[in-house]
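>>> model this:
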Amino acid sequence: MYNKVIYFFLVFNLVFFGIVGCTTETSATQEMAQALMELDKNSDLFLFESILYKKVKTVNEAEFKSVDTTLYGEISMKHYKSTKKFKSGMATVLPPGTKLFRSIEHPEYVFSSEEGNYTMYKSVPEG
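Numbering: from 1, shown residues only. Here you go, the predicted model:
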């Protein structure tokens, strides 16, 4: 009986701290997004698959097509407001429906494609 209580306590703690650890990662991403928005209210950011991306530069069609990319997804939510939490698929500038393409050679780079306009974004490292 005593072993079962200890076993339950250990399993409970592992599950609890596993959940808290996942929540902390999301909180770090939220904090990073809020910090970037505080530095520049016009920051061009988006969150996709728990990764925060920041605009690097606008590129022309030839430059975009010179990079080997794969479809990564699309912006699915309305614009981020500073009073809300950033959610996956949410952006500060890009409208819903904007297609995202990930560089195969350099996966930290993602390109947006909206009505023939292309923008390069880079993942923002946590911490």
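
>>> What number of residues are in the vicinity of residue 115?
For residue 115, the count of nearby residues is 6 (other Cβ atoms under 10 Å). Every residue, glycine included, has its C-beta placed from N, CA and C.

>>> ok, and what's touching the helix or strand encompassing residue 54?
Residue 54 belongs to strand 51-59 when assigned by DSSP states H and E. Under the contact criterion Cβ atoms under 8 Å, 6 or more residues apart in numbering, strand 51-59 has outside partners 29, 32-33, 36, 43-47, 86, 93, 109-111, 117-124.

>>> again, only this time at 6 Å
29, 32-33, 44-46, 110, 118-124 (Cβ atoms under 6 Å, 6 or more residues apart in numbering).

>>> do the same with stretch 60-69
With Cβ under 6 Å, 6+ apart, stretch 60-69 has contacts from 101, 103-104, 111, 118.

>>> From those residues, list the buried ones, please.
Buried by 16 or more other Cβ atoms under 10 Å: 101, 103, 111, 118, out of those.

>>> Mind listing what's buried along stretch 97-113?
Neighbour-count burial for stretch 97-113, with 16+ other Cβ under 10 Å as criterion, is recorded at 98, 100-103, 109-113.

>>> Between its first and last residues, how far does it reach?
Start-to-end span of stretch 97-113 (Cα to Cα, to the nearest Å) is 10 Å.

>>> now swap in stretch 76-92 and tell me
12 Å.

>>> Mind checking the pLDDT average for it?
The pLDDT scores in stretch 76-92 average 78.
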